[in-house]
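Colleague: turn this into a structure:
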Amino acid sequence: LDEALPDEISAGSVRLRDEAETPRREGPPWLVHEYVDAKSGYSVDMYIPQHKLAIEVDGPTHFDLNGEVPLGRTLMKRRHLRALGFNVVSVSYREWAAASTVRVAPTAPPTESSQSSEEKESVGEGEEEGGRVRAQQEELLRRKLQEALREGDSEAEE
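Modeller: Numbering: from 1, shown residues only. Next comes the predicted model:
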(Lines give C-alpha, C1' and ligand atoms only; values in the text may rest on other atoms or scores of the structure.)
Protein backbone atom coordinates (compact mmCIF):
# COMPACT_ATOMS: atom_id res chain seq x y z
CA LEU A 1 0.00 0.00 0.00
CA ASP A 2 2.90 2.38 0.73
CA GLU A 3 3.92 2.19 -2.91
CA ALA A 4 0.51 3.64 -3.82
CA LEU A 5 1.41 6.84 -1.99
CA PRO A 6 3.97 9.32 -3.28
CA ASP A 7 7.22 9.29 -1.30
CA GLU A 8 7.15 13.06 -1.00
CA ILE A 9 4.11 13.19 1.31
CA SER A 10 5.08 15.64 3.98
CA ALA A 11 3.56 17.82 6.61
CA GLY A 12 4.78 20.82 4.63
CA SER A 13 2.24 19.93 1.95
CA VAL A 14 -0.67 20.46 4.34
CA ARG A 15 -1.28 23.39 6.59
CA LEU A 16 -4.35 24.37 8.53
CA ARG A 17 -5.03 27.99 7.67
CA ASP A 18 -7.43 30.77 8.55
CA GLU A 19 -10.19 31.43 6.05
CA ALA A 20 -8.69 34.85 5.20
CA GLU A 21 -5.22 33.46 4.53
CA THR A 22 -4.07 32.97 0.94
CA PRO A 23 -4.02 29.32 -0.14
CA ARG A 24 -0.60 27.72 -0.41
CA ARG A 25 0.39 27.01 -4.01
CA GLU A 26 3.81 25.45 -3.50
CA GLY A 27 4.31 21.75 -3.11
CA PRO A 28 5.01 18.60 -5.05
CA PRO A 29 3.78 18.38 -8.66
CA TRP A 30 1.48 15.40 -7.92
CA LEU A 31 -0.53 17.46 -5.41
CA VAL A 32 -3.14 20.00 -6.57
CA HIS A 33 -4.10 22.67 -4.05
CA GLU A 34 -7.61 24.17 -4.01
CA TYR A 35 -8.89 21.72 -6.65
CA VAL A 36 -12.37 22.43 -8.08
CA ASP A 37 -14.29 19.52 -9.58
CA ALA A 38 -15.78 20.69 -12.89
CA LYS A 39 -18.70 18.25 -12.69
CA SER A 40 -19.96 19.16 -9.20
CA GLY A 41 -18.40 22.54 -8.51
CA TYR A 42 -17.09 21.26 -5.18
CA SER A 43 -13.68 22.48 -4.15
CA VAL A 44 -11.30 20.45 -2.02
CA ASP A 45 -8.24 21.65 -0.15
CA MET A 46 -5.92 19.20 -1.93
CA TYR A 47 -6.25 16.58 -4.61
CA ILE A 48 -4.03 13.72 -5.76
CA PRO A 49 -5.31 12.93 -9.29
CA GLN A 50 -3.42 9.63 -9.61
CA HIS A 51 -5.62 8.14 -6.85
CA LYS A 52 -8.67 10.42 -7.21
CA LEU A 53 -7.94 11.34 -3.60
CA ALA A 54 -9.61 14.46 -2.18
CA ILE A 55 -8.04 15.79 1.02
CA GLU A 56 -10.06 18.11 3.24
CA VAL A 57 -8.46 19.86 6.21
CA ASP A 58 -11.50 20.75 8.29
CA GLY A 59 -11.21 23.73 10.60
CA PRO A 60 -13.53 24.61 13.49
CA THR A 61 -16.29 25.95 11.20
CA HIS A 62 -16.91 22.38 9.99
CA PHE A 63 -17.88 21.15 13.48
CA ASP A 64 -20.47 21.70 16.19
CA LEU A 65 -19.86 24.11 19.07
CA ASN A 66 -17.94 21.45 20.98
CA GLY A 67 -15.70 20.92 17.98
CA GLU A 68 -16.40 17.19 17.87
CA VAL A 69 -19.30 16.42 15.50
CA PRO A 70 -19.04 17.40 11.82
CA LEU A 71 -21.88 19.63 10.63
CA GLY A 72 -24.46 18.37 8.15
CA ARG A 73 -23.07 20.38 5.24
CA THR A 74 -19.62 18.89 5.82
CA LEU A 75 -20.99 15.34 5.94
CA MET A 76 -23.10 15.98 2.83
CA LYS A 77 -20.09 17.24 0.87
CA ARG A 78 -18.11 14.13 1.84
CA ARG A 79 -20.99 11.88 0.73
CA HIS A 80 -21.36 13.73 -2.57
CA LEU A 81 -17.63 13.51 -3.28
CA ARG A 82 -17.66 9.77 -2.57
CA ALA A 83 -20.70 9.35 -4.84
CA LEU A 84 -18.70 11.13 -7.56
CA GLY A 85 -15.96 8.52 -7.20
CA PHE A 86 -13.49 10.41 -5.01
CA ASN A 87 -11.60 8.80 -2.14
CA VAL A 88 -12.10 11.36 0.63
CA VAL A 89 -9.66 12.03 3.46
CA SER A 90 -10.70 14.40 6.22
CA VAL A 91 -8.22 15.74 8.74
CA SER A 92 -9.83 17.69 11.56
CA TYR A 93 -8.19 20.70 13.14
CA ARG A 94 -8.04 18.74 16.42
CA GLU A 95 -6.15 15.85 14.83
CA TRP A 96 -3.75 18.30 13.18
CA ALA A 97 -3.21 20.17 16.46
CA ALA A 98 -2.56 16.90 18.31
CA ALA A 99 0.00 15.90 15.67
CA SER A 100 1.58 19.34 15.99
CA THR A 101 2.29 19.02 19.69
CA VAL A 102 5.53 17.62 21.03
CA ARG A 103 5.34 16.36 24.57
CA VAL A 104 8.53 17.14 26.44
CA ALA A 105 9.28 16.04 29.99
CA PRO A 106 9.56 18.99 32.38
CA THR A 107 13.07 19.97 33.36
CA ALA A 108 14.46 21.74 36.40
CA PRO A 109 14.76 25.52 36.05
CA PRO A 110 18.20 26.60 34.81
CA THR A 111 20.77 27.93 37.24
CA GLU A 112 22.70 31.10 36.46
CA SER A 113 25.86 29.15 35.56
CA SER A 114 24.07 26.78 33.18
CA GLN A 115 21.79 29.34 31.52
CA SER A 116 24.13 30.45 28.75
CA SER A 117 24.86 26.90 27.59
CA GLU A 118 21.15 26.01 27.73
CA GLU A 119 20.28 29.10 25.69
CA LYS A 120 22.74 27.92 23.04
CA GLU A 121 21.19 24.43 23.07
CA SER A 122 17.63 25.78 22.80
CA VAL A 123 18.15 26.73 19.16
CA GLY A 124 19.09 23.16 18.30
CA GLU A 125 16.26 21.82 20.45
CA GLY A 126 13.78 24.03 18.60
CA GLU A 127 14.91 22.60 15.27
CA GLU A 128 14.79 19.07 16.69
CA GLU A 129 11.30 19.71 18.09
CA GLY A 130 10.16 21.05 14.70
CA GLY A 131 11.45 17.86 13.09
CA ARG A 132 9.49 15.73 15.56
CA VAL A 133 6.32 17.76 14.89
CA ARG A 134 6.75 17.36 11.12
CA ALA A 135 7.30 13.62 11.56
CA GLN A 136 4.10 13.33 13.60
CA GLN A 137 2.13 15.33 11.03
CA GLU A 138 3.53 13.23 8.19
CA GLU A 139 2.57 10.05 10.04
CA LEU A 140 -0.99 11.37 10.53
CA LEU A 141 -1.27 12.17 6.81
CA ARG A 142 0.19 8.85 5.71
CA ARG A 143 -2.18 6.92 8.02
CA LYS A 144 -5.22 8.88 6.80
CA LEU A 145 -4.27 8.44 3.13
CA GLN A 146 -3.65 4.71 3.57
CA GLU A 147 -7.05 4.31 5.27
CA ALA A 148 -8.77 6.11 2.40
CA LEU A 149 -7.02 4.03 -0.25
CA ARG A 150 -7.86 0.80 1.61
CA GLU A 151 -11.52 1.86 1.84
CA GLY A 152 -11.53 2.69 -1.87
CA ASP A 153 -10.01 -0.69 -2.73
CA SER A 154 -12.51 -2.62 -0.60
CA GLU A 155 -15.46 -0.72 -2.14
CA ALA A 156 -14.15 -1.44 -5.65
CA GLU A 157 -14.00 -5.18 -4.86
CA GLU A 158 -17.67 -5.28 -3.76
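
Colleague: how about the contacts made by S100?
Modeller: S100 is in contact with 133, 136-137, counting by Cβ atoms under 8 Å, 6 or more residues apart in numbering. Backbone N, C-alpha and C define where each C-beta goes, glycine included.

Colleague: let's see 6 Å
Modeller: For S100, the contacting residues are V133, by Cβ atoms under 6 Å, 6 or more residues apart in numbering.

Colleague: for it, report the pLDDT, please.
Modeller: In this model, S100 is scored at 82, pLDDT.

Colleague: phi and psi next, for it.
Modeller: Per-residue torsions, S100: phi -100, psi 0 (degrees, to the nearest 10).

Colleague: now the terminal residues of stretch 61-78, how far apart.
Modeller: 15 Å (Cα to Cα, to the nearest Å).

Colleague: list the buried ones in it?
Modeller: Within stretch 61-78, the residues that count as buried by 16 or more other Cβ atoms under 10 Å are 62-63, 70, 74, 77-78.

Colleague: in its sheet, what does the helix or strand hosting D45 sit against?
Modeller: Using DSSP states H and E, D45 sits within strand 43-48. Sheet pairing here is set by DSSP bridges, and for strand 43-48 it gives strand 32-36 (antiparallel), strand 53-58 (antiparallel).

Colleague: the last one - what's its average pLDDT?
Modeller: pLDDT averaged over strand 53-58 equals 92, rounded to a whole number.

Colleague: contacts for that strand, please.
Modeller: For strand 53-58, using Cβ under 6 Å, 6+ apart, the contacting residues are 16, 44-47, 81, 86-92.

Colleague: buried subset of the residues you listed as a ChimeraX selection?
Modeller: A single ChimeraX command selects the buried members of those (16+ other Cβ under 10 Å):
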select :16,44,45,46,47,81,86,87,88,89,90,91,92
